[in-house]
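**Q** This is a predicted model, with the sequence first.
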Amino acid sequence: MQRIDSFPLFVEPFHVDFNRRIFMGVLCNAMLNAAGKHSHNRGWGIPDLMKEGYTWVLSRFSVEFGRMPEMGETCNIATWVNSAIRLFTNRYFRIDDAEGTPIAYCRSVWAMINVETRKPADLLTFRNGELNTWKVSEEEAPCPIADMRPIRNKEATLARSLQTYYSDVDINGHINSVKYIEHIVNLFTNEELTRGIRRIDIAYKAEAYQGDTLLFFTHREDANTLLVDVRKENGDVCVQSRILLHTAPQENNEDKQTTK
């Protein structure tokens, strides 16, 4: 079996924002679905693991964009396992446009946990270390973006509080990882989002659940960078994030056509 899978994504009109670019949450969901399909094709999808009392959880997620996919585009999301250590596995993604040109890359880190104890499984021994047979080296399939830098948000101030409800919760019973991304993106103004997001780093620290109030603490590291801590009312940090904006507005397809 091939070790890299690729899945098409067509950007529907109801998947885009006022800039005609795909919503960040829609794109990230498509990437996570691609990861799920890649795992499922090998018998390691969440439905398969849950029969044995385990599930996948996302620990780190870094996406860097040349540009965002736009309305009417068909893209392809390629994904593969780069490495695995005892408690974590690194999964990479590449988003190509219809001509096969990469427009985004992603590095992610995952753990497999026991659904009852919430403790991580040993990936090097689970199913006799079968996960290692999928690995694709950096030389075979590079992911040419930097690893996530530590996020230290010591000067943060409270920017928003948010009550969580039914639609914020995923199959694992905690707040959906992409919902955090959507709520963080909502901290920006429309003018900033017109410039476009160049990179987003997310570090998942602790679980939150339906009914928890999430507190969003922010700090402007510079004109293009926002640091975000998402905390529960007891002070526990659920998520840390760094978002970098493009320095100038991104063009949409209509703009590109009119300049030719």
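**A** Yep, that arrived. The structure presented is a predicted model; accordingly, all values stated were derived computationally and were not measured. Numbering: from 1, shown residues only.

**Q** just the helices in the stretch 101-250 of the chain please.
**A** Along the stretch 101-250 of the chain, counting by DSSP state H, counting those that start in this stretch, helices occupy 177-185, 190-195.

**Q** Deepest in the core, which of those helices is it.
**A** Ranked by mean neighbour count under mean count of other CB atoms under 10 Å, the helices of the stretch 101-250 of the chain are led by helix 177-185, which reaches a mean of 21. All C-beta atoms are positioned from the backbone trio N, CA, C, and that covers glycine.

**Q** Which other helices and strands does it contact?
**A** helix 24-40, strand 54-65, strand 197-204, strand 213-222, strand 225-232, strand 237-245 (3 or more CB pairs under 8 Å, 6 or more residues apart in numbering; DSSP states H and E).

**Q** Just the buried residues of stretch 75-94, please?
**A** Residues of stretch 75-94 classed as buried: 75-84, 87, 89-94 (neighbour count, 16 or more other CB atoms under 10 Å).

**Q** Out of the residues you listed, name the ones that lie in strands.
**A** Among the buried residues of stretch 75-94, the members found in strands (DSSP state E) are 75-84, 89-94.

**Q** ok, of the residues you listed, which one's closest to Gln240?
**A** Relative to Gln240, the closest of those is Asn90; by CB to CB it sits at 18.8 Å.

**Q** Test my guess that the closest one contacts Leu123.
**A** No - here Asn90 does not reach Leu123: they are 10.9 Å apart, not a contact under CB atoms under 8 Å.

**Q** Common neighbours of the two, please.
**A** Shared contacts of Asn90 and Leu123 (CB atoms under 8 Å, 6 or more residues apart in numbering): Ala84.
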